[in-house]
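1. okay, here's the prediction I keep looking at, along with the sequence it came from:
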Amino acid sequence: MTNPLGVEALHLVELKDGRFLIQRCTSCTKHVYYPREICSHCGSAALEWTAPKGMGTVYAVTTVRRKPAEGGDINVSLVDLDEGVRLMSRVESLPSDAVKIGQRVKARVHVKDGQGIVVFDIIEGSAP
């Protein structure tokens, strides 16, 4: 996939359309996220887009306190995908204070008001 606006613009278009893609370097075979023009591992420009399986583990979590009128508390989580990249996002399938380090999660794209973001849901039976 090419886009004259660059890799970040392409990434945002894909999210808006409900698709979550990361990059994989064809030189060193490592995955890269957030999108880049050059591999952050080996410096190669040979990056290709791929759909991750979306499975991951909560690496860290904190709760952002918000007024109920503003949607209530949310968690901010760092999630390590099985592909080896780390994302900052949130886990939506549990109350914010119930998200724990070590829980297994699955990514999905949430599209609202024409914007797509990657969020996570706890995998049933997952225990930290």
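-> Looks like it came in fine.

2. low pLDDT regions in this structure?
-> The chain contains residues with pLDDT under 70 at 1-5, 126-128.

3. tally of neighbours for residue 43?
-> Neighbour count for residue 43, taken as other CB atoms under 10 Å: 10. The C-beta positions use only the backbone N, C-alpha and C, and glycine is treated the same way.

4. tell me who's in contact with residue 23.
-> Residues in contact with residue 23, defined by CB atoms under 8 Å, 6 or more residues apart in numbering, are 7, 31-33, 35-36, 39, 47-50.

5. between these, which sits nearest residue 95?
-> Taking CB to CB as the measure, residue 95 lies nearest residue 33 of these, at 27.2 Å.

6. show me where this protein has strands.
-> For the chain, the strands defined by DSSP state E cover 22-25, 31-32, 47-50, 55-64, 74-81, 86-89, 104-112, 115-122.

7. most packed of those?
-> Per residue and on average, the most neighbours among the strands of the chain fall to strand 22-25, with a mean of 22 (mean count of other CB atoms under 10 Å).

8. what's the domain layout of this structure?
-> Annotated domains of the chain cover 7-50, 55-122 [automatic domain parsing].

9. was I right about residue 24 contacting residue 31?
-> Yes. Distance between residue 24 and residue 31: 5.2 Å, which falls inside the contact criterion (CB atoms under 8 Å).

10. overlap in contacts, those two.
-> Here residue 24 and residue 31 share the contacting residues 50, 83, scored by CB under 8 Å, 6+ apart.
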